[in-house]
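S.K.: Sequence and predicted structure are below.
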Amino acid sequence: MKEFFSFIKKEFQHIFRDKRTILIVLVMPIVQIILFGFAVSTEVHNARVDIVGDSQDPAVRQIAERIEQNPYLHVTAVYESASAVSERFRKGKADVAVCFERNFDERLRHYGKASVRLLGDGSDPNTAQVIVNYVNGVLSEVQADLNNSGGTRQATFPHVQYMYNPAMLSSYNFVPGVMGLILMLVCSMMTAISIVREKESGTMELLLVSPMRPVGVIISKAIPYLVLSLVNLATILLLSRFVLGVPLRGNLLLLLGISVLFILASLGVGLLISVISATQKTALLISGMGLTMPTMIFSGIIFPCESMPVILQYVSDIIPAKWYVIMVKKVMIEGVGVTYIYGEFLILLAMTIFLLAISVRLFKRRL
Amino acid sequence: MNEKKDIIVVNELTKKFGNFTAVDHISFEVRQGEIFGFLGANGAGKTTAMKILCGLSLPTSGGGTVNGYDLSRDQEKIKRNIGYMSQKFSLYSDLKVWENIRLFGGIYRLSGKSIKEKSDAMLRYLNMTDLKDELVGDLPLGWKQKLAFSIAMIHNPSIVFLDEPTGGVDPETRRLFWDLIYEAAESGTTIFVTTHYMDEAEYCDRVSIMVDGVIADLDAPAALKQRYQAADMDTVFRQLAYQAKRE
């Protein structure tokens, strides 16, 4: 055991003595969570809404007022002709147009039915969708009020409510994603680089002729990064809870358990990278391009996997982070227990065992 | 010297990689306390042979013993009883001098107390007591090398393997380094050294010259020079190495 402790101590010294490493390992998670939490946000503030319809119509005015009251929306113009909408979009003066049919109020009162058309600026589909959703939300409220006040009026709009995240805050989506990304990055990249650095500097030879077993070298390399990852995990959770206001609804121990499993999978990936790369640059490139990019794209952090072509969905299935992020979302946001995630858990467990087994084997063979 | 026992015994040692025979049935003995030069051009198979002797790689056929431990079966015991230093002066440059000493003391399972004693003695011996808090990366090359050699001997191994220990160092520093080697050999440690510098080959008690995976010749430098009627080891080496057929 003595050699393990000496080695682990030395590994920590490497980390704390290299300012760049400490920056990547401990500062980057904080920066990332704040960046993702605040800068990269799919929420749209101050969306500009055009009202197309009769400005004298009482129901139209009522709805326009409601839209104006919404913190995310404000009415920029009211005009009569729908043909002006595209010109307004082109000039970038409006994001969405709410078109009321003629005699809206009258129809509503006499027939109990009147139609509204929402025009979004599809040139920026994500934003358009978000804003249309906001306006839809306002319209549903109006609808609900109408239903409560008089019995005869029928529902014209579906009433949408988002469970677990009623405000549709994007941080609910980003925090689990960033957790996956950061743990993957710290564990895989840093482990790979620290092993390859020893190969480059020749100290690896020294370790191999020493009585330390290769598996011992691997384990003592992994432990410091495991510890640091747990520190990162705590940082992320605290930041997301108290700065971004993302709740932790599920069991903390369960979250910790799946995180440790994911960290082990990442260590396996890092080890694999260290086996196939001869220089630190290669290791960095492989983990940067070959790991970070696919993790960001395929783990559902930014783009939902469900909307990808089937082939890409299969590709996303082999990314360990995807399963981790799914589980974190379920545990953190939905607050479910272990029975709801055991499928994903088993998949990640199988991946971890496979990755560790194959990388340890390759590592030993390459000596 | 002749009555001392053989500490390395190699018998028909062979290593094949697929169809390629890197080491082809070599046999030799190294005596205790001897400085044994292991020469050969690049690709002659000396690194492969040395890896087997250090317990890093298994022989395809044949075998031998290092310090009485079998090359095929007792790799762990071999590793515990040898020291190793390579041309890259492989110490951790971002660790301090004493931290490097403590690390390798720990890896070779020395007790905390004996690590303390050893590192004090070592630093005194190397005249480096004032430098113990320096990062190894900041030391001049010659100092690093001496430190690396001393650390390779921290667990009192019976044999030290030096893989081109003086690569890239000026002649004066090399000479000082060889003083260390002589002192270690005098205290009974066997030195197994590979080198590209033929003047260093002259310092060895005996040298073997590998060509194409076999040992072309093995003897004391003086005897070799006489046999090939050469003025120095460089000429001996050229004569033998030029017989090489493979690249």
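M.R.: That came through, no problem.

S.K.: and B:Arg102, how many residues sit next to it?
M.R.: As a burial measure, B:Arg102 scores 22 neighbours (other CB atoms under 10 Å in any protein chain shown). C-betas here are computed from N, CA, C, even on glycine.

S.K.: how far away is it from chain A?
M.R.: Distance of B:Arg102 to chain A, computed by CB to the nearest CB, to the nearest Å: 7 Å.

S.K.: Contact partners for that residue?
M.R.: Contacts for B:Arg102 were tallied using CB atoms under 8 Å, 6 or more residues apart in numbering or on different chains; they are A:6, B:115, B:119.

S.K.: Could you do B:Ala148 as well?
M.R.: Contacts of B:Ala148 (CB under 8 Å, 6+ apart): B:85, B:89-91, B:165.

S.K.: Within range of chain A, give me the residues from chain B.
M.R.: Within reach of chain A by CB under 8 Å from any CB of the partner chain, chain B has these residues: B:54-57, B:76, B:79-80, B:82, B:84-95, B:99, B:102-109, B:161.

S.K.: Name every strand pairing with the helix or strand hosting A:Val78 and say which way it goes.
M.R.: Using DSSP states H and E, the element containing A:Val78 is strand A:73-79. On the basis of DSSP bridges, the sheet neighbours of strand A:73-79 come out as strand A:47-52 (parallel).

S.K.: Would you mind writing the CA trace of the strand it pairs with as CSV?
M.R.: Provided in CSV are the C-alpha atoms of strand A:47-52 (Å, rounded to 0.1, in the frame of the first residue of the first chain):
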residue,chain,number,x,y,z
ALA,A,47,-39.7,39.3,-27.5
ARG,A,48,-41.4,41.8,-29.8
VAL,A,49,-45.0,41.0,-30.5
ASP,A,50,-47.0,42.6,-33.3
ILE,A,51,-50.8,42.6,-32.9
VAL,A,52,-52.6,42.4,-36.2
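
S.K.: How far off centre is that strand?
M.R.: Here the centre of strand A:47-52 is set off from its chain's centre by 30 Å, with CA atoms, centre = their mean, to the nearest Å.

S.K.: per-residue confidence averaged over the strand holding A:Val78?
M.R.: Confidence for strand A:73-79, expressed as mean pLDDT, is 88.

S.K.: In chain B, which residue sits nearest chain A?
M.R.: Chain B approaches chain A most closely through B:Gly106 (2.5 Å), counting by CB to the nearest CB.

S.K.: Leaving out the residues flanking it, which one is nearest to that residue?
M.R.: Nearest non-adjacent residue to B:Gly106, counting by CB to CB, 6 or more residues apart in numbering or on different chains: A:Ser6, 2.5 Å away.

S.K.: Could you look up the SS state of the one you found?
M.R.: Under DSSP: H, G, I helix; E, B strand; the rest coil, A:Ser6 falls in the helix class.

S.K.: count of neighbours near it?
M.R.: 23.

S.K.: Spit out the contact partners of it.
M.R.: B:102-103, B:105-107.

S.K.: got it, and A:Ala59?
M.R.: Taking CB under 8 Å, 6+ apart, we find A:Ala59 in contact with A:100, A:104-105, A:108, A:114.

S.K.: Just the CA atoms of the longest helix along chain B, as PDB, please.
M.R.: Counting residues, the longest helix found in chain B (DSSP state H) is helix B:171-186. Written as PDB, here are the backbone C-alpha positions of helix B:171-186 (Å, rounded to 0.1, in the frame of the first residue of the first chain):
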ATOM      1  CA  PRO B 171      32.300  15.000 -21.900                       C
ATOM      2  CA  GLU B 172      33.300  16.500 -18.500                       C
ATOM      3  CA  THR B 173      29.900  15.800 -17.000                       C
ATOM      4  CA  ARG B 174      30.100  12.300 -18.500                       C
ATOM      5  CA  ARG B 175      33.400  11.700 -16.800                       C
ATOM      6  CA  LEU B 176      32.000  12.800 -13.500                       C
ATOM      7  CA  PHE B 177      29.100  10.500 -14.000                       C
ATOM      8  CA  TRP B 178      31.400   7.600 -14.600                       C
ATOM      9  CA  ASP B 179      33.100   8.300 -11.300                       C
ATOM     10  CA  LEU B 180      29.700   7.600  -9.600                       C
ATOM     11  CA  ILE B 181      29.400   4.400 -11.600                       C
ATOM     12  CA  TYR B 182      32.900   3.300 -10.500                       C
ATOM     13  CA  GLU B 183      32.100   4.000  -6.900                       C
ATOM     14  CA  ALA B 184      28.900   2.000  -7.100                       C
ATOM     15  CA  ALA B 185      30.700  -0.900  -8.700                       C
ATOM     16  CA  GLU B 186      33.400  -0.900  -6.100                       C
END
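
S.K.: What residues sit buried inside the helix or strand following that helix?
M.R.: Sequence order places strand B:190-194 as the next helix or strand after helix B:171-186, per DSSP H and E. Buried residues in strand B:190-194, counted by 16 or more other CB atoms under 10 Å in any protein chain shown: B:190-194.

S.K.: Show the subsequent helix or strand relative to whatever helix or strand A:Leu226 lives in.
M.R.: If you go by DSSP H and E, A:Leu226 is part of helix A:214-242. Sequence-wise, the next helix or strand downstream of helix A:214-242 (DSSP H and E) is helix A:252-276.

S.K.: what helices or strands is that following helix leaning on?
M.R.: helix A:171-184, helix A:190-201, helix A:214-242, helix A:280-287, helix A:320-328, helix A:342-365 (3 or more CB pairs under 8 Å, 6 or more residues apart in numbering or on different chains; DSSP states H and E).
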